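In: The sequence and its predicted three-dimensional model are supplied below.
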Amino acid sequence: MYTTLQKNVLLSTILCLLCLHGNIFLQEPDTTEKNNIKKYIPKKFDFSPLTFLSEQQKQEHYVLYTKYVEKLNEIRSKLPQAQRAPGPTYSEFRSLKIAETFALNGALLHELYFENIIGKKNKKINSNLKRLILENFDSIEEYLKDLKDCAACTRGWAITGFSLHENAIYNFVLDAHNETVPAMTIPLVVIDAYEHAYMIDFGIDRATYLNEVFAHLQWDIIEKRISNYSRLTISLKD
């Protein structure tokens, strides 16, 4: 009978021999599934309830959104074969990974924006969001003014985000899809303030565009976002 020590030595020897002879332990991993990147499919939106924007404005904006999706799929298809090199100066892999966040956020933020403005004018803020607002702002009016101030000064996006770290909501300015994005924060309200969102219909009159956006915010959709992600946060119930 072998002692425990002898068994361990024997097992280690066998494993080493298998490796040296090219057994599965040294084979290249199967990359078939790894490289079979799931394709990102653009969402369809019914823009007909969105009457404050022209058909051309809505169509051009939607096409722009689909281009982000196309580029995201292209980037992810190139990543498995990309040249990789250490160092922050340049590599093909590094450039693609940076572009990936730009395209991904460009797609996601547009989806959230479209979803939370398509509909009729709606001034009713639902219970869970109202509670979050009043826990973090002195009033609904102060919250809305702060969000509109963010939208008026941003170069890109203004969002109301729920911080998982602090269990609180804040309004944020995102100058680009992948810049100044707060970590561990769930977007609840998303406003596109890029010129492409309104230039066809409003020219450079961002203020009038924002007034319309705020009048059309779909608070029921925003409330559902809170419910969908509440399992990741503290309970919003008493």
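Out: Now that the structure is in, tell me what you want to look at. Quick caveat, the model's predicted, so the values are computed rather than measured.
In: The residue nearest to Glu115 when sequence neighbours are not counted and Phe172, how far apart?
Out: Leaving out its chain neighbours, the residue that sits closest to Glu115 by Cβ to Cβ, 6 or more residues apart in numbering is Ile221, at 5.5 Å. For every residue, glycine as well, the C-beta is placed using N, CA and C. Summarising the geometry, the distance separating Ile221 from Phe172, computed by Cβ to Cβ, to the nearest Å, is 19 Å.
In: What are the boundaries of the helices in the chain?
Out: Using DSSP state H, the helices of the chain run over 4-20, 32-35, 55-78, 92-115, 127-136, 140-153, 199-202, 206-215, 219-229.
In: quick one: least confident helix or strand in the chain?
Out: Using mean pLDDT, DSSP states H and E, helix 4-20 stands out as the lowest-scoring helix or strand of the chain, at a mean of 39.
In: And the contacts of stretch 142-154?
Out: Applying Cβ atoms under 8 Å, 6 or more residues apart in numbering, the contact partners of stretch 142-154 are 133, 136-137, 158-160, 171-175, 189, 191, 193, 206-207, 210, 213-214.
In: how about that stretch: buried residues?
Out: Using 16 or more other Cβ atoms under 10 Å as the burial criterion, the residues of stretch 142-154 that qualify are Tyr143, Leu144, Asp146, Leu147, Lys148, Cys150, Ala151, Thr154.
In: now swap in stretch 162-170 and tell me
Out: For stretch 162-170, burial by neighbour count (16+ other Cβ under 10 Å) applies to Phe162, Ser163, Ile169, Tyr170.
In: mind listing which of those residues are in strands?
Out: When DSSP state E is applied, the buried residues of stretch 162-170 are split such that Phe162, Ser163, Ile169, Tyr170 fall in strands.
In: Pull up the gap between the last one and Ala183, please.
Out: Applying Cβ to Cβ, one obtains 12 Å for the distance of Tyr170 from Ala183.
In: And for the third one?
Out: Note on Ile169: its distance to Ala183, by Cβ to Cβ, is 15 Å.
In: Next, the contact list for Ile37, please.
Out: Counting by Cβ under 8 Å, 6+ apart, Ile37 makes contact with Asn73, Arg76, Ser77, Leu79, Pro80.
In: mind redoing it with 6 Å?
Out: Under the criterion of Cβ atoms under 6 Å, 6 or more residues apart in numbering, the contact partners of Ile37 comprise Arg76.
In: Tell me the pLDDT of it.
Out: In this model, Ile37 is scored at 77, pLDDT.
In: what do you get for Ile200?
Out: The confidence metric pLDDT takes the value 98 at Ile200.
In: Same check on the one 4 residues further on?
Out: On the pLDDT scale, Ile204 is placed at 97.
In: Report the separation between the two terminal residues of stretch 74-93.
Out: In terms of Cα to Cα, to the nearest Å, the two terminal residues of stretch 74-93 are separated by 13 Å.
In: So what touches it?
Out: Outside stretch 74-93, the residues that touch it by Cβ under 6 Å, 6+ apart are Asn35, Ile37, Leu96, Ala99, Glu100, Ala103.
In: what would the residues you listed look like in JSON lines with distance to Arg84?
Out: Conversion of those to JSON lines gives the following (distance: Cβ to Cβ, whole Å):
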{"residue": "Asn35", "distance to Arg84": "15"}
{"residue": "Ile37", "distance to Arg84": "17"}
{"residue": "Leu96", "distance to Arg84": "10"}
{"residue": "Ala99", "distance to Arg84": "15"}
{"residue": "Glu100", "distance to Arg84": "14"}
{"residue": "Ala103", "distance to Arg84": "20"}
